[in-house]
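Engineer: Fold the following for me, if possible:
(one chain, ligands or ions: 3)
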Amino acid sequence: MFKALILGAAAGGGLPQWNCGCENCNLARDGKIPASTQSSLAVTTDGVSWVILNASPDIRAQLAANPALHPRSLRDTPIAGVLLTNGDIDHVAGLLSLREQQPFALYATGEIHGVLADNPLMQAVDPARVPRVAIALNQPVPLLPGLTATLFAVPGKVPLYLEGETVQTDLEGEQTTGVHLQAEGRNIFYIPGCAAVTDRLAERLRGADMVFFDGTLWRDDEMITMGLSQKTGRRMGHISMSGSDGSIAALRDLGIGRKIYVHMNNSNPVLRPDASERAEAESAGWTIGQDGMEITA
Ligand code: MLT
Ligand code: MN
Ligand code: ZN
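Structural biologist: Ligands and ions are numbered 1, 2, ... in the order given. Now for the predicted structure:
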């Protein structure tokens with residue numbers, strides 16, 4: 001059995017974002033479309049022990065909202081480990097909420113562990129209780145009984161807070177990774193941040209049973225045209241859904257069993273159930289991820 005539970009389907013900021021008065025954020029505040037917490041996925045093979053993929057700033061509320069992740073005794077957690085795919089704030093800040101002297105394994109590449117080690121705040125998550133397990137790229141490691149994870153490089157950039165004067169947005173190295181999960185012969189991919197689908201990435205995903213993929217923006221310039229930001233998706237290290245170089249086109253003919261968008265920015269029109277963009281994504285075989293959604297492979 002493999003089960004994934006979407007803890008948070010939104011990109012950094014969530015839906016609604018605290019300082020955003022865009023249409024989607026206002027609809028979510030009014031309860032007219034579902035609100036969403038920040039990017040995180042929980043996975044299990046037995047429904048008992050879980051690994052959390054990315055620790056979002058909303059993790060406290062996410063754990064409270066999902067009974068499978070509650071303690072079963074006086075001091076306890078079903079969470080055996082946390083795996084980080086990059087060092088972005090929306091994927092690591094939740095570690096600070098897990099600082100209560102509870103043992104679990106913390107998996108990431110050596111480079112991401114280096115970013116955490118450089119930040120004194122992260123020492124609050126005591127390395128004596130929470131061992132830092134460095135995962136080499138392209139090397140399968142056991143995460144849970146019957147579940148292995150292989151991290152691989154996807155095009156991306158360093159975290160926003162480490163950007164210098166110039167930023168390379170299609171770096172391929174240890175700073176932005178995807179996860180290949182293997183359970184009982186099933187191949188599941190989790191790629192919440194990705195700047196482009198290279199031929200190599202497309203070949204990796206061919207024939208997968210399930211892919212959770214970066215759904216940050218619908219259009220590369222949507223934050224600019226909405227007056228929210230000066231940044232394109234490309235500049236943020238995120239491929240868009242639409243267009244000839246978008247993820248819908250890139251993953252269309254790869255024979256993937258189930259395609260699920262995660263890490264949606266609050267500007268993305270697919271967050272509105274009645275939007276034509278959502279119908280377009282769904283008719284191309286995509287599911288728009290939502291908090292609390294459970295998917296079994
Ligand atoms: C991203 O996905 O681009 C980052 O989470 C942005 C951020 O750190 O706010
Ligand atoms: Mn993010
Ligand atoms: Zn907004």
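Engineer: Please, where are all the helices along the stretch 1-150 of the chain?
Structural biologist: Secondary structure of the stretch 1-150 of the chain (DSSP state H, counting those that start in this stretch): helices located at 23-29, 59-65, 89-92, 110-117.
Engineer: closest to ligand 3 out of those helices?
Structural biologist: Ligand 3 sits nearest to helix 23-29 of all the helices of the stretch 1-150 of the chain, at 3.3 Å, using C-beta to the ion. Heads up, the C-betas are built off the backbone N, CA and C, glycines and all.
Engineer: from what I can see residue 263 touches residue 214, true?
Structural biologist: Yes: taking contacts as C-beta atoms under 8 Å, residue 263 lies within contact range of residue 214: 5.5 Å.
Engineer: And the two? Which one has more around it.
Structural biologist: Comparing residue 263 with residue 214 by other C-beta atoms under 10 Å, the one with more neighbours is residue 263, at 31 against 27.
Engineer: Let me know the pLDDT of that one.
Structural biologist: Listed pLDDT for residue 263 reads 99.
Engineer: and it, what does it touch?
Structural biologist: 9, 10, 11, 39, 192, 193, 214, 215, 216, 238 (C-beta atoms under 8 Å, 6 or more residues apart in numbering).
Engineer: if we go to 10 Å?
Structural biologist: Listed by C-beta atoms under 10 Å, 6 or more residues apart in numbering, the contact set of residue 263 reads 8-12, 36, 38-41, 54, 88, 90-91, 191-194, 212-217, 238, 289.
Engineer: what about stretch 159-166, near ligand 2?
Structural biologist: No: Stretch 159-166 lies apart from ligand 2 when judged by C-beta under 5 Å from the ion; the minimum separation is 8.7 Å.
Engineer: Check which residues of that stretch are buried.
Structural biologist: Residues of stretch 159-166 classed as buried: residue 159 (neighbour count, 16 or more other C-beta atoms under 10 Å).
Engineer: Mind checking the pLDDT average for it?
Structural biologist: Taken as a whole, stretch 159-166 has a mean pLDDT of 97.
Engineer: Please list the residues outside that stretch that contact it.
Structural biologist: 12, 86-92, 112, 115, 118-119, 157-158, 167, 169, 175-176, 231, 236-237.
Engineer: Just the buried subset of these, please.
Structural biologist: Looks like the contacts of stretch 159-166 have 12, 86-88, 90-92, 112, 115, 157-158, 169, 175-176, 236-237 buried, using 16+ other C-beta under 10 Å.
Engineer: Can you say which two of these are spatially most distant?
Structural biologist: For the buried ones among the contacts of stretch 159-166, the farthest-apart pair by C-beta to C-beta is 92 and 169; their separation is 19.8 Å.
Engineer: Just give me the residue right at the centre of this protein.
Structural biologist: Centroid-nearest residue in the chain: residue 192, 3.6 Å away (criterion: C-alpha atoms, centre = their mean).
Engineer: so what's that one closest to, chain neighbours aside?
Structural biologist: Closest residue in space to residue 192, ignoring its immediate chain neighbours: residue 263 at 4.2 Å, by C-beta to C-beta, 6 or more residues apart in numbering.
Engineer: Over to residue 200. Which of the three states is it?
Structural biologist: For residue 200, the secondary structure call by DSSP: H, G, I helix; E, B strand; the rest coil comes out as helix.
Engineer: same thing with residue 295?
Structural biologist: From three-state DSSP, the assignment for residue 295 is strand.
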